[in-house]
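Q: Okay, structure incoming, though there's no sequence with it:
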Ligand SMILES: [Zn+2]
Ligand SMILES: [Zn+2]
């Protein structure tokens with residue numbers, strides 16, 4: 001029975017370090033009031049904690065982001081985005 005995403009498939013998903021990405025850092029600085037639109041980009045919907053500098057973040061094709069450890073655990077059980085239910089692989 002296969003439901004989740006395999007470790008090998010997980011390893012193919014983009015992974016980045018929060019705070020290291022120039023684009024994200026600039027958006028945060030230039031748009032301090034962008035809370036409503038950007039909220040999913042700074043908070044992990046699985047553990048509901050804000051990202052901190054140096055956290056490993058995984059970005060899905062639907063553009064939602066999560067902590068690596070949170071989404072890897074989640075995707076081990078089901079192949080869908082926690083927020084929009086889009087298929088991940
Ligand atoms: Zn998390
Ligand atoms: Zn999504």
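A: Cool, got the structure. Just so we're clear, the structure is a prediction, and the values are computed from it rather than from any experiment. Ligands and ions are numbered 1, 2, ... in the order given.

Q: worst-scoring helix or strand of the protein, pLDDT-wise?
A: In the chain, no helix or strand scores lower on mean pLDDT, DSSP states H and E than helix 22-30, which sits at a mean of 52.

Q: Let me see the contact set for the residue most central in space within the chain.
A: Note on the chain: the residue nearest the mean C-alpha position is residue 65, at 1.8 Å, using Cα atoms, centre = their mean. Contact analysis of residue 65 by Cβ atoms under 8 Å, 6 or more residues apart in numbering lists 40, 41, 44, 51, 57, 58, 59. Where you see a C-beta, it was placed from the backbone N, CA and C, and this is true even at glycine.

Q: mind listing what the closest residue in space to residue 75 that isn't next to it in sequence touches?
A: Take residue 75 and drop its neighbours on the chain: the residue closest to it by Cβ to Cβ, 6 or more residues apart in numbering is residue 5, 4.2 Å away. Applying Cβ under 8 Å, 6+ apart to residue 5 gives the contacts 75, 76, 79, 88, 89.

Q: Need the buried ones from the residues you listed selected in ChimeraX.
A: Only the buried entries of the contacts of residue 5 go into this ChimeraX selection, using 16 or more other Cβ atoms under 10 Å:
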select :75,79,88
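
Q: Throw the contacts of residue 5 into a markdown table and include secondary structure and distance to ligand 2, thanks.
A: Below are these laid out as a markdown table (DSSP: H, G, I helix; E, B strand; the rest coil; distance: Cβ to the ion, whole Å):
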| residue | secondary structure | distance to ligand 2 |
| --- | --- | --- |
| 75 | helix | 12 |
| 76 | coil | 17 |
| 79 | coil | 12 |
| 88 | coil | 9 |
| 89 | coil | 13 |
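
Q: Need the max-distance pair from the contacts of residue 5.
A: 76 and 89 (12.3 Å; Cβ to Cβ).

Q: Tell me if I'm right that residue 81 and residue 58 touch.
A: No - using Cβ atoms under 8 Å, residue 81 is not in contact with residue 58, being 10.8 Å away.

Q: ok, residue 42 - how many residues close by?
A: For residue 42, the neighbour count with other Cβ atoms under 10 Å is 17.

Q: and stretch 3-18, what's its mean pLDDT?
A: Mean pLDDT, stretch 3-18: 94.
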